[in-house]
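Visitor: Provided below are the primary sequence and the corresponding predicted coordinates.
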There are 2 protein chains.
Amino acid sequence: MELAQNLKVLREKKGLLQKEVANAVGVHPSNYSKMEKGERDVSIEVANKIASFFGITIDELVHMNGKIPKEVTIVDKSANERLQLILQLEEQDRNAIFRIIDGMLTKSKFKDFFNKNADTL
Amino acid sequence: MELAQNLKVLREKKGLLQKEVANAVGVHPSNYSKMEKGERDVSIEVANKIASFFGITIDELVHMNGKIPKEVTIVDKSANERLQLILQLEEQDRNAIFRIIDGMLTKSKFKDFFNKNADTL
DNA sequence: AGTTTAAGTTGTCAAAAAGGAATTTATTAT
DNA sequence: ATAATAAATTCCTTTTTGACAACTTAAACT
């Protein structure tokens, strides 16, 4: 439970001030400071706000041991919700989706490759 | 934040007593009762213990709105990996996927509805 | 150096929330 | 209906919180 440290790592990686994060999630800056110092517990509500503020999950926030998960850029919020829904689809549909996605990924990978090597070809 | 309800749904789905869950995660039964009733906050530490006790993530525990993430955790291991990949697709592709998924979901919902009401129609 | 300004930390304390024992209210079984 | 078990509630004590001012650091400027 190294949440405190994670808060600091995340915030600094984003180049934000304590005050900014604190205000964004609705806690008093002085108390946010204590949270980063491990001197105040973080409620689930606040953890939830912080996680979505940073575009990660609560679990990532709680369990990443000082390591930033994936791109901490803004990940499509609505995407995540919809991803949950995919899992509810019946198998046939789910597989169809996956085939399409795989196709797109291949295309995308190829494009990347092509762009990076265009000059050498 | 319907955590309280989720606790109850999960526990009952597993056929466990409050006391059992309470003991498993180290909270006093009277307080666990309050947590299920929404009269006590759940700390992150405890949420974490409960989530791993039920084999789900904190986010699922917090966000599943009364719906068990049933086999979701086990169902499709490769699904989750692929889901991450969707986020890497370029916007156009991602949106296409979402349109398709939405379509499938609609179809699926309709099917459900039809099955449930077939006799009354 | 000394001054100003911004960022973060610390101490305080009333108010709020938590923990736990005992009690009461279901619920279930005999 | 009674007993037994589970859950909910009450009550009281202890702990934690939230908000704010005061304080320390750090950086920036003259």
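Guide: On my side now, so go ahead.

Visitor: and the contacts of the helix or strand that contains residue A:45?
Guide: Assigning secondary structure by DSSP states H and E places residue A:45 in helix A:44-54. For helix A:44-54, the surrounding residues in contact (CB atoms under 8 Å, 6 or more residues apart in numbering or on different chains) are A:3, A:7, A:10, A:14, A:21, A:24-27, A:35, A:42, A:57-58, A:60-62, A:72, A:77, B:1, B:3, B:41-44, B:47, B:58-59, B:62. The C-beta positions use only the backbone N, C-alpha and C, and glycine is treated the same way.

Visitor: now stretch A:5-23
Guide: With contact meaning CB under 8 Å, 6+ apart, stretch A:5-23 is reached by A:28-29, A:31-33, A:35-36, A:38, A:42, A:50, A:53-54, A:56, A:61-62, A:64-66, A:68, A:72.

Visitor: just the buried subset of those, please.
Guide: Buried members of the contacts of stretch A:5-23, counted by 16 or more other CB atoms under 10 Å in any protein chain shown: A:32, A:35, A:36, A:42, A:50, A:53, A:54, A:56, A:61, A:62, A:64.

Visitor: hey, which helix or strand in chain A has the poorest pLDDT?
Guide: Within chain A, no helix or strand scores below helix A:77-86, which has a mean of 51 by mean pLDDT, DSSP states H and E.

Visitor: and chain A, which of its residues are near DNA strand C?
Guide: Residues of chain A lying near DNA strand C by CB under 7 Å from any atom of the strand: A:17, A:18, A:19, A:29, A:30, A:33, A:34, A:36, A:37, A:39.

Visitor: shaky segments in chain A?
Guide: A:1, A:66-121 (pLDDT under 70).

Visitor: domains of chain A?
Guide: What automatic domain parsing lists as the domains of chain A is A:3-63, A:77-120.

Visitor: where do the helices sit along chain A?
Guide: Along chain A, counting by DSSP state H, helices occupy A:3-13, A:18-25, A:29-37, A:44-54, A:58-63, A:77-86, A:91-117.

Visitor: tell me the angle the fourth one makes with helix A:18-25.
Guide: When axes from the mean of the first three to the mean of the last three CA atoms, to 10 degrees is applied, the directions of helix A:44-54 and helix A:18-25 differ by 110 degrees.

Visitor: identify each buried residue in helix A:44-54, please.
Guide: Judged by neighbour count using 16+ other CB under 10 Å, the buried positions of helix A:44-54 are A:44, A:46, A:47, A:48, A:49, A:50, A:51, A:52, A:53, A:54.

Visitor: returning to that earlier point: near DNA strand D, from the contacts of helix A:44-54?
Guide: The subset of the contacts of helix A:44-54 within reach of DNA strand D, by CB under 7 Å from any atom of the strand, is residue A:27.

Visitor: so which of the residues of chain A next to DNA strand C is the most crowded?
Guide: Neighbour counts for those (other CB atoms under 10 Å in any protein chain shown) peak at residue A:36, which has 22 neighbours.

Visitor: what number of residues lie near the residue in chain A that DNA strand D sits nearest to?
Guide: Residue nearest to DNA strand D within chain A: residue A:41 (2.9 Å; CB to the nearest atom of the strand). Residues within reach of residue A:41, counting by other CB under 10 Å, total 15.

Visitor: surely it and residue A:34 touch.
Guide: No. Residue A:41 lies out of contact with residue A:34 (CB atoms under 8 Å); the separation is 9.3 Å.

Visitor: list the contacts for residue A:64?
Guide: By CB under 8 Å, 6+ apart, the residues touching residue A:64 are A:6, A:56.
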